[in-house]
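Peer 1: With the sequence up front, the predicted model follows.
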Amino acid sequence: MRKLYLRMRSLLLASTSVIIFFILWELAALYLPSPYFPDPYSVLKAFITIITVGDIDGYTLAWHTLMSLERVLLGFVVGSATGVPIGILLGIKPTLKNAVTPIIEPIRFIPPIAWIPLSIVLLIGMYRYIFLIWVGVFFPVLLDTIAGVKRTSITLIQMARTFGADNKKIITKIIFPGSLPEIMNGLRVGLGVGWMCIVAAEMIGGEPVGLGRLILKYANLLQIDTVIVGMITIGLVGLAMNYFILFLEKRLFRWRVEIKA
Amino acid sequence: MKKSIIVLSIILIVALGAVAGMYGAGLLTPTQKVKIRIGYLTGDLHHLALHVAVAKNYFAQYGIEYELYEYINGPTLMQHFVMGELDFAYVGTPPALNARASGIGSNVTSLPVVIGSGNLEGSALVVNQDIIKNISDLNNKKIGTPGTGTIQDVLISTYAKNNNLNITKYPGRISDLPVQYARGEIDGFIGWEPYPSMAVYQNNASILLTSHDIMPNHQCCVLVVSDKFLASNPEIVDKMVAIHRAAIDFINTNPAEAKQIAMNVTKLPMPVIELAFSHMSFSKSVNVDSIKAFLIDMIRLGIIRNIDIEQVDSFINGFINTKYVSG
Amino acid sequence: MEKAILLESVSKKYDVGSSSLEVIKDLTFDVNENEFVCIVGPSGCGKTTLLRIISGLEPPSSGRVLVFGRPPDPKRQRFGVIFQEDSLLPWRTVLGNVEFGLEIQDQKEAEREKIAKTFLELVGLQGFENYYPHQISGGMKKRVAIARALAIDPDLILMDEPFADLDAQTRSFMQRELLNIWSKLNKTVLFITHNVEEAVFLAQRVVVLTKRPSKVKQIINIDLPYPRARLSPPFISYRERILTAFHEELEVT
């Protein structure tokens, strides 16, 4: 009974804050002198229009979203497929890691946006997007994988050796499953960063579809309500992906003893 | 003792910050001469009048100090214009129309007012002749534009609608369009000169339509001033208009030298410049009918949402300042 | 008959920076098949190092090590090693953990489950197959580790202070269980401990090591029948003998 009460209470609190947010938004739109700050209702109208009819060129929100998702997921797959194995390699060979660190570290701090000019002159079409998303995904995945590998207990490795395990078995049966929590965390962060890169990536120009492109298009048209529709969609999809991976983590890692605060 | 040092340091830092801020905002320097801010577009030969005025030093002759701001397309320029970041701009008619429509009724936005004609016509649709041989071949092809809401975008959208064509528009940066075309990412593009001529000359593109073919004699770029600046500095606007008209006259009476200036600005070879010039015309009067036509097209395309067809005439009256430019 | 373990003048030296640390020097003893031998010695005397050498994880610096007549190699021989620390894989169930050794030894899947369940039953944990390590007690974890080691039918069982972390009650329970299993399966067991009472309770022979660099100080045969009464006079006297030898090593500075 108490559990139900608590849930209802938190639901009520959440709804209240959302409602207050919309009220504040409406008030701001009413009292701000700028004509470029749309009120919630016009954003809602723009939402409905772009979901049903589509944008000024006929592309619907679903289409824009799917295109952006496709690009991000492709980049994410490449980023993970490179980040995890390289991370495992660098994690088990500290001398190698120390050797490549002076190259990786400065590159890691170059934001994906700064890679855009290079990507335009060197790559074409979908490869550009994949590359830019890869830049965002690779480093979190790499770093978290290395951290996970390093955290592997020596005792477990020694135990495996006493049973006669060779290096390959130690990697597949001890190091990889043991680092999986950290790897998943890196994947989740990497996907988030990759998703945030999509706006920058799509602003390069080229294909006319994508959430980032939608925002740019409507900013050019000075129709800010649809700009906000694009922003909200990007936020919601990013949130959904994050929660999805968290959900996966929870199910996969039941064996982790959670420290209750 | 330690506490008071911390407090003193904080006060010092805040004071320094305030002084820096005030200096940056120009509150501390004695009021200088007004420096006008002029916006224009990357490599856009439609704005040749501006480059001529700069090259021939007209601004100094009229005692005006100026700063130039470059943008990648008209809509982007207008985003900054309405926020009051520019006083004058050379820009395409449709972006200026859209900016004025979006901000009308608000007293915080700077609305554009036309005070001069930039140029007429001057855009071209270039295509890969192997893929697109005639108009109907345009169906289902990828055509690059310099951005949504540019005059090129409006021209091609209206043309496609009127001719029942389904064209996939690929908006991008104008400087990227010839590159994308060369790589085959797009089947053609529509842009402002000299980029179409560049593609013809360097990438074997062929001109399918000039903007003259799409809309004869249409107004392309205009010189606009912010309504706020016009209200506060009318005498400077007088001078700017004089400079602009002198530059237009110069282009028409000294075409060779004008082309030379165009070459210096774009760093392109003379044959490209010649070809580009053949598509543009520079006049001192605007084509009001074509401006009205653009406005109606933009309302029909859904670009401009808060002006009805009935309001077009009064809108145009407010948009064009007949003291400075006639139709 | 072949010795289960043969150590002849084994030495082990580690290079630490510019100097070297000699942990074991000139160590010699042997273990017969099916014997239960305990090693006791002061901490730091290299007991764990000795275990690693015997199981083939590390080579000796000099001397000879033979397990059933051959140099030890965990890939060729089957060692059942039980560590002091918790060495269960936290992401596998109890059953999954017991199967682990069998997996490494490339046992077929269907067989693995059968064998694993058998040994879980042997250590008294039937019913706990699907529990995770974090859900069972320390003693139960040790029993899983024992089941895992036994499941591969090891040639040799090596235990490194496995009951040190357990409370006294669980510890004596585990000691009795271990003797049970040993008598049932007839395995050779080498058991390291610093708990003298434990050594007397479990071993047929107790090897007392000197302090570092260690060699064999004394080997004492425990001539008592199983199960042993901890408070009986002979038990206590063996304990005193070993403790004396032990303390001699501790006193020498």
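Peer 2: Perfect, I can see it now. Numbers count the residues shown, from 1 in each chain, chains lettered A, B, ... in the order given.
Peer 1: Kindly report the residues of the stretch 201-327 of chain B close to chain A.
Peer 2: B:301, B:302, B:303, B:305 (Cβ under 8 Å from any Cβ of the partner chain). (Glycine included, C-beta is placed from N, CA and C.)
Peer 1: Just give the closest residue to residue B:96, not the sequence neighbours.
Peer 2: Nearest non-adjacent residue to residue B:96, counting by Cβ to Cβ, 6 or more residues apart in numbering or on different chains: residue B:112, 4.6 Å away.
Peer 1: Could you measure from the one you found over to chain C?
Peer 2: Separation of residue B:112 from chain C (Cβ to the nearest Cβ, to the nearest Å): 65 Å.
Peer 1: Could you tell me the backbone phi and psi angles at that residue?
Peer 2: Per-residue torsions, residue B:112: phi -80, psi 140 (degrees, to the nearest 10).
Peer 1: Could I get the full set of strands for the stretch 1-150 of chain C?
Peer 2: Using DSSP state E, counting those that start in this stretch, the strands of the stretch 1-150 of chain C run over C:5-16, C:19-31, C:36-40, C:62-67, C:79-82.
Peer 1: Show me what residue of the stretch 151-300 of chain B gets nearest to chain A.
Peer 2: residue B:172 (2.8 Å; Cβ to the nearest Cβ).
Peer 1: Number of residues surrounding that residue?
Peer 2: When counting by other Cβ atoms under 10 Å in any protein chain shown, one arrives at 27 neighbours for residue B:172.
Peer 1: do the same with residue C:250
Peer 2: With other Cβ under 10 Å as criterion, residue C:250 counts 10.
Peer 1: Find the nearest non-adjacent residue to it, please.
Peer 2: Counting by Cβ to Cβ, 6+ apart, the residue nearest residue C:250 is residue C:42, at 5.6 Å.
Peer 1: The one you found contacts residue C:217, correct?
Peer 2: No: in this structure, residue C:42 is not within contact of residue C:217 by Cβ atoms under 8 Å, at 10.3 Å.
Peer 1: Which neighbours do the two have in common?
Peer 2: C:209, C:249 (Cβ atoms under 8 Å, 6 or more residues apart in numbering or on different chains).
Peer 1: got the contact list for the residue nearest to residue C:130 when sequence neighbours are not counted?
Peer 2: Excluding the flanking residues, the one nearest residue C:130 by Cβ to Cβ, 6+ apart is residue C:93, at 5.1 Å. Residues in contact with residue C:93 (Cβ under 8 Å, 6+ apart) are C:129, C:130, C:131, C:132.
Peer 1: How confident was the prediction at the closest residue to the first one other than its chain neighbours?
Peer 2: Leaving aside its sequence neighbours, residue C:129 sits nearest to residue C:95 (Cβ to Cβ, 6+ apart; 3.9 Å). If you check residue C:95, the pLDDT there is 95.
Peer 1: Could you check how far the closest residue to chain A within the stretch 1-150 of chain B is from chain C?
Peer 2: As assessed by Cβ to the nearest Cβ, chain A sits closest to residue B:75 within the stretch 1-150 of chain B, at 3.5 Å. Distance, residue B:75 to chain C, by Cβ to the nearest Cβ: 55 Å.
Peer 1: residues near that residue, how many?
Peer 2: There are 29 residues near residue B:75, going by other Cβ under 10 Å.
Peer 1: right, and it touches residue B:147 too?
Peer 2: Yes: if you go by Cβ under 8 Å, residue B:75 and residue B:147 touch, sitting 5.7 Å apart.
Peer 1: shouldn't residue C:85 be in contact with residue A:155?
Peer 2: Yes: here residue C:85 reaches residue A:155: they are 5.0 Å apart, a contact under Cβ under 8 Å.
Peer 1: Spit out the contact partners of the residue in the stretch 101-250 of chain B positioned nearest to chain C.
Peer 2: Nearest to chain C in the stretch 101-250 of chain B, going by Cβ to the nearest Cβ, is residue B:185, at a distance of 47.3 Å. Counting by Cβ under 8 Å, 6+ apart, residue B:185 touches A:124, A:125, A:206, B:142, B:170.
Peer 1: switch the cut-off to 10 Å
Peer 2: Counting by Cβ atoms under 10 Å, 6 or more residues apart in numbering or on different chains, residue B:185 touches A:124, A:125, A:128, A:206, A:207, B:142, B:144, B:170, B:172, B:176, B:177, B:179.
Peer 1: Now the residues you listed in CSV, please, with extra columns for secondary structure and pLDDT.
Peer 2: As requested, these are exported to CSV (DSSP: H, G, I helix; E, B strand; the rest coil; pLDDT from 0 to 100):
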residue, secondary structure, pLDDT
A:124, coil, 80
A:125, helix, 80
A:128, helix, 87
A:206, coil, 69
A:207, coil, 76
B:142, strand, 94
B:144, strand, 94
B:170, strand, 92
B:172, strand, 88
B:176, helix, 87
B:177, helix, 91
B:179, helix, 87
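Peer 1: Return the closest of the residues you listed with respect to residue A:42.
Peer 2: Proximity to residue A:42 was ranked across the contacts of residue B:185 by Cβ to Cβ; first place goes to residue A:207, at 27.6 Å.
Peer 1: So what's the residue count around the closest one?
Peer 2: For residue A:207, using other Cβ under 10 Å, the count is 20.
Peer 1: Would you quantify the distance from it to residue A:43?
Peer 2: Plainly put, residue A:207 is 25 Å away from residue A:43 if you go by Cβ to Cβ, to the nearest Å.
Peer 1: likewise residue C:131?
Peer 2: From residue C:131 to residue A:43 the distance is 52 Å (Cβ to Cβ).
Peer 1: returning to what we had before: please narrow the residues of the stretch 201-327 of chain B next to chain A to those residing in helices.
Peer 2: residue B:301 (DSSP state H).
Peer 1: which residues are in contact with both of residue B:75 and residue B:147?
Peer 2: A:216, A:217, A:220, A:221, B:95, B:153, B:171.
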